[in-house]
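Participant: the sequence and its predicted three-dimensional model are supplied below.
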Amino acid sequence: MGNRFDEWSNEIKDYCQKNNLDFDKAKKLSQGWGKDFLALQFHDESKGVNGLLDETPMPIVLIVEKKDNNLVFTQTENTKKYL
């Protein structure tokens, strides 16, 4: 299984441009993915001394899901703040 962000980067870039979001910031966000799912998450780099205890959970910034061969984007309350 490959990295979903890399596979879907052109579509993510188009979505960011159409919605006034910063694709360069999106590329730098932490990622969690599965077969048809990608979650971009914010990681506060000023933290990190205690591993996961510092960032549990990391806020989800953008969700991308593949449904019926199309990508569906879902913004969260954190999208505008971090992108």
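Facilitator: Alright, I've got the coordinates. Residues are numbered from 1 along each chain as shown.

Participant: roughly how far apart are residue 80 and residue 72?
Facilitator: In this view, residue 80 and residue 72 are 19 Å apart by CB to CB, to the nearest Å. (Glycine included, C-beta is placed from N, CA and C.)

Participant: before we move on, what about residue 29?
Facilitator: Look at residue 29 and residue 72: by CB to CB, they are 18 Å apart.

Participant: next one: residue 65
Facilitator: From residue 65 to residue 72 the distance is 5 Å (CB to CB).

Participant: between these two, who's got more neighbours?
Facilitator: Each of residue 65 and residue 72 has its neighbours counted (other CB atoms under 10 Å); residue 65 has more, 15 against 11.

Participant: for the more buried one, helix, strand, or coil?
Facilitator: Three-state assignment for residue 65 (DSSP: H, G, I helix; E, B strand; the rest coil): strand.

Participant: thought it was touching residue 71?
Facilitator: Yes - shown here, residue 65 and residue 71 form a contact pair, counting by CB atoms under 8 Å, at 7.2 Å.

Participant: which residues touch the closest residue to residue 64 other than its chain neighbours?
Facilitator: For residue 64, ignoring the flanking residues on the chain, the nearest one in space by CB to CB, 6 or more residues apart in numbering is residue 38 at 4.3 Å. The contact partners of residue 38, taken as CB atoms under 8 Å, 6 or more residues apart in numbering, are 4, 5, 8, 31, 32, 63, 64, 65.

Participant: just residue 82 next, same as before
Facilitator: Neighbour list for residue 82: 25, 29, 42, 59, 61 [criterion: CB under 8 Å, 6+ apart].

Participant: and the helices in this protein?
Facilitator: 4-7, 9-18, 23-28, 79-82 (DSSP state H).

Participant: show me what the first one is packed against.
Facilitator: Spelled out, that is helix 4-7. Judged by 3 or more CB pairs under 8 Å, 6 or more residues apart in numbering; DSSP states H and E, the packing partners of helix 4-7 are strand 30-34, strand 37-41.

Participant: low-scoring pLDDT stretches of this protein, where are they?
Facilitator: Scanning the chain with the threshold set as pLDDT under 70 gives 1-2, 48-49, 51-56.
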